[in-house]
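Undergrad: A structural model of the following input is requested.
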Amino acid sequence: MKYFKIIVLLALITLTANTFAQEIIYPTTVGELTAEATIKGHGNVSGLIDGEEARIETITFQNTEFQTATVIKEEMVINGKIIYPQHILDEFGNKYLLFHINENGDFNYEISASVTRKALVFGVTDYDINESSENVKSYTEPSEKVESTSTEILTLTKNKIVGNSFVSTLNQTVDWVNDYVEYASGDDFRKYYLEQYSAVQTLINKKGVCDEFANLGAAILRAKKIPTRLAIGLTYDGLDWGNHAWIEVYHEKLKKWIPSDPTFREAGFVDAMHLKLGSFDDVTNSKAKCFYPGTATCTIENPEDLPYVKIISKAYMANVQIDSNITNLTAGTWNAVPITITNITTSLLSIPVRIRDIKDVLVQDKKKSAILEAGENETFIFKVMPKIFLEDNQLAKGTLVFNSLSTPYEKEVTVVPGNTIDDGDLVVEDITPIAHEGTLKIQITSTNYYSEDKNIQIKIQGANYSNTESENIPAFSTKTVTKEMANYEMTTYDINITTPNKLFFTKIIPVKSKSTTPITPRASNVIEQKLAPGEEKGVIQKIVDTPVAIILGILAGIIVSLFGMFLVNKRYV
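TA: Modelled structure (predicted):
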């Protein structure tokens, strides 16, 4: 009689998203969504005198090609009184709520809407990147957090993003940023949650949350002369809803902005769990604004509560078909698991596929991507190792689950006993150049899939430079080593890396910035706003009327002397 040892390879647990219990949902799979979303904020106004007022401007849900938002509630409460907003449009065409406050006190505001969202996966026509249309050319220029003309970004782009194909450039950028940047956790999460780090800072820190992923991706694409803007909104990360940032790139042939998300490895689309609030040239311009007389103070606090989203209905995408003939896995060794993805649409698609984390199973390279024509298919090979010991009379049952542009694909497998074989691999995952402050750093990331430590040899050769060193990579681990060259030359450097079974080779060519003008934060306390259709004209007025304030304004010569401003931007994923 055989005995069956049941081992759960993946536990499907019902999670609670905020205060609404629902099934587990993973990014990249949802094609349609209807939900009720609520955002709250609070702050304080003090020092106003009779006849003065403060103004709060905060963004609200937009109607777009992908999204329809119906207002449920838009109001502010101060000292027990309800204030209803006017609607205005900013310079980017985003809809804002404008609250006029004429008394001192603590205030709370709430924005609720019923949002219907579709993941419009573009059938993108490819083309060679060229000069952009004048109306979007400004989005190829650097901004405060997107230093696309810096030495760091130009060197990175020159060496990592090859070619001039729009589709290839977008996919290379999204995939590389997704692989390179480590999503912050623990104490680091709060650090990145409270700040917004620029593209160059993210390249150096190699860590961040959604803003950092978006800033770095935007900088690379702008360096390649693709108009790119930053989008903000809410999304679901598989555990919670939270504030989010992603990117939108302009397609010159379609004359459209196409969303993409480096955080979730989505190129040419974002899934329907992205509820959009607005688009900007820089994330700093997405912050809530408070305008007030110079004699008063106004603050908008950073609320700790996550946005509340109640899912009414959802539907998975149906853009690809997934299949696999795998039935058995052998314990203690690496197994090749073939997954065939077929594009069942009539258009070219950028298709990500990911295997979910599995208890007691190691996986090499969990994330893969492909660009497939209509009807085309590709077979991905995932290597997995069940790290369990089975007797000859034992078996294990489990489920492998894959996410792509479809309903999650589940494959039942049986794990059978086998002789443990150290048939691993040592892979050089990435070689990234960082040219920063007169030093060229060659950052090399390797993963050792062997059950014992292995060494790699790194040789760097330039016109007047040569260095060879050995590095130890521990078993079943990933390690990043950095080789630095101070006062490097503008020449080609050959990088040769020898592993136990392979030779990796690449060239690094440093690039210097052509711009000598530092990027300065632009004034964001502009008073004049474009009115939304249907609004009364003349609702936007300068706030400070006192002669003293006017004199101060003339002496200073800038609006900043008339207005103080405190900006916040709560971020989560």
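
Undergrad: rest of the way, CA atoms for contacts and neighbours
TA: Noted.

Undergrad: pLDDT score assigned to residue 518?
TA: Residue 518 carries a pLDDT value of 53.

Undergrad: same deal with residue 543?
TA: pLDDT, residue 543: 29.

Undergrad: do the same with residue 156
TA: In this prediction residue 156 is given a pLDDT of 97.

Undergrad: what's the spacing between it and residue 216?
TA: 11 Å (C-alpha to C-alpha, to the nearest Å).

Undergrad: for these two, indicate the residue with more neighbours.
TA: residue 216 (28 against 22; other C-alpha atoms under 10 Å).

Undergrad: that one falls within a helix, correct?
TA: Yes - when DSSP: H, G, I helix; E, B strand; the rest coil is applied, residue 216 is found to be in a helix.

Undergrad: which pLDDT value belongs to it?
TA: At residue 216, pLDDT is 98.

Undergrad: nearest residue to it in space, please, no chain neighbours.
TA: Spatial nearest neighbour of residue 216, excluding adjacent residues (C-alpha to C-alpha, 6 or more residues apart in numbering): residue 199 at 4.2 Å.

Undergrad: residue contacts, that neighbour?
TA: 145-147, 153, 212, 215-217, 219 (C-alpha atoms under 8 Å, 6 or more residues apart in numbering).

Undergrad: need those residues in JSON lines with distance to residue 410, can you?
TA: Converted to JSON lines, the contacts of residue 199 look like this (distance: C-alpha to C-alpha, whole Å):
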{"residue": "145", "distance to residue 410": "41"}
{"residue": "146", "distance to residue 410": "40"}
{"residue": "147", "distance to residue 410": "42"}
{"residue": "153", "distance to residue 410": "40"}
{"residue": "212", "distance to residue 410": "33"}
{"residue": "215", "distance to residue 410": "35"}
{"residue": "216", "distance to residue 410": "34"}
{"residue": "217", "distance to residue 410": "32"}
{"residue": "219", "distance to residue 410": "37"}
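
Undergrad: which of the residues you listed sits closest to residue 125?
TA: residue 217 (20.9 Å; C-alpha to C-alpha).

Undergrad: residue 265 is in contact with the closest one, correct?
TA: No - counting by C-alpha atoms under 8 Å, residue 265 is not a contact partner of residue 217; they are 11.0 Å apart.

Undergrad: the two - which one has more neighbours?
TA: The neighbour comparison of residue 217 against residue 265 (other C-alpha under 10 Å) goes to residue 217, with 30 against 27.

Undergrad: pLDDT weak spots in the stretch 301-450 of the chain?
TA: 302-305 (pLDDT under 70).

Undergrad: switch the cut-off to 90
TA: Applying pLDDT under 90 to the stretch 301-450 of the chain flags residues 301-306, 347, 357-360, 387-389, 392-393, 418-424.

Undergrad: likewise for the stretch 451-573 of the chain?
TA: For the stretch 451-573 of the chain, the stretches flagged by pLDDT under 90 are 487, 501, 512-573.

Undergrad: repeat that for 50
TA: When residues are selected by pLDDT under 50, those of the stretch 451-573 of the chain lie in 522-573.

Undergrad: which residue ranges form the helices in it?
TA: With DSSP state H, counting those that start in this stretch as the criterion, the stretch 451-573 of the chain has helices at 547-556.

Undergrad: the protein: helices as residue ranges?
TA: 151-160, 166-180, 186-194, 199-205, 210-223, 547-556 (DSSP state H).

Undergrad: tell me which residues in the shortest one are buried?
TA: What that stands for is helix 199-205. For helix 199-205, the neighbour count (16 or more other C-alpha atoms under 10 Å) marks 199-203 as buried.

Undergrad: you'd agree residue 483 is up against residue 443?
TA: Yes - counting by C-alpha under 8 Å, residue 483 touches residue 443, with 6.5 Å between them.

Undergrad: center of this protein, which residue is that?
TA: The chain has residue 263 as the residue nearest its centroid, 3.1 Å off, counting by C-alpha atoms, centre = their mean.

Undergrad: list the residues that contact it.
TA: Contacts of residue 263 by C-alpha under 8 Å, 6+ apart are 177-178, 209-210, 213-214, 246.

Undergrad: the contacts of residue 199: which two are farthest apart?
TA: Largest separation among those by C-alpha to C-alpha: 153 and 212, giving 13.8 Å.

Undergrad: excluding its backbone neighbours, what's nearest residue 107?
TA: Per C-alpha to C-alpha, 6+ apart, closest to residue 107 is residue 78, 4.4 Å.

Undergrad: hang on, I meant residue 180
TA: Closest to residue 180 by C-alpha to C-alpha, 6+ apart is residue 206, at 6.7 Å.

Undergrad: residues contacting that neighbour?
TA: 180-182.

Undergrad: between these, which is nearest residue 510?
TA: residue 180 (19.3 Å).

Undergrad: residues near that closest one, how many?
TA: Neighbours around residue 180, by other C-alpha under 10 Å: 17.

Undergrad: ditto for the one 3 residues further on
TA: Other residues within reach of residue 183 by the criterion other C-alpha under 10 Å amount to 19.

Undergrad: for residue 172, see how far away residue 178 is.
TA: Distance from residue 178 to residue 172, by C-alpha to C-alpha: 10 Å.
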